[in-house]
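> Return a 3D structure for these sequence lines:
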Amino acid sequence: MKTVDEIADAMFKMVSDAQGLKKLKPMDLRKAMIQLFGEDECDKKLCKEAIKSLVNSGRVVYTYFGGSYLELPHREGAAND
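I've put the predicted structure just below:
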């Protein structure tokens, strides 16, 4: 069985790769992870924990545009980084 961190890292890579091209819903990520790792290595509960971990750490944020999506946090134009 995969760990929450392994699933979260794979989800983060998928969201990063899709940034600007496609918005991903939590369900899209869950289906992709189960397809990638197999049902015996990854399940719905593990995917929910991985998404929760990503959101709580600030690596991804929920956005809403006619549905809920997970995206990388946007950087404000006036930010002084």
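
> Pull the number of nearby residues for Tyr62.
11 (other C-beta atoms under 10 Å). Where you see a C-beta, it was placed from the backbone N, CA and C, and this is true even at glycine.

> May I have the strand or helix carrying it exported as CSV, CA atoms only?
Element membership for Tyr62, per DSSP states H and E: strand 61-64. Output of strand 61-64 as CSV, limited to C-alpha atoms (Å, rounded to 0.1, in the frame of the first residue of the first chain):
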residue,chain,number,x,y,z
VAL,A,61,-5.4,25.4,-3.2
TYR,A,62,-9.1,24.8,-4.0
THR,A,63,-10.5,27.1,-6.6
TYR,A,64,-14.1,27.4,-7.7
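
> In it, which residues are buried?
Buried residues in strand 61-64, counting neighbours by 16 or more other C-beta atoms under 10 Å, are absent.

> residues contacting the spatially most central residue of the chain?
Centroid-nearest residue in the chain, with C-alpha atoms, centre = their mean: Met11, separated by 4.4 Å. By C-beta atoms under 8 Å, 6 or more residues apart in numbering, the contact set of Met11 is 29, 33, 47, 50-51, 54, 60, 70.

> mind redoing it with 7 Å?
Residues counted as contacts of Met11 (C-beta atoms under 7 Å, 6 or more residues apart in numbering) are 29, 33, 50-51, 54.

> Thr63 too?
By C-beta under 7 Å, 6+ apart, the contact set of Thr63 is 69, 71.

> What's opposite it in the beta bridge?
For Thr63, the beta-bridge partners are Tyr69 (DSSP bridges).

> so how far is Lys44 from it?
As judged by C-beta to C-beta, to the nearest Å, Thr63 and Lys44 stand 22 Å apart.
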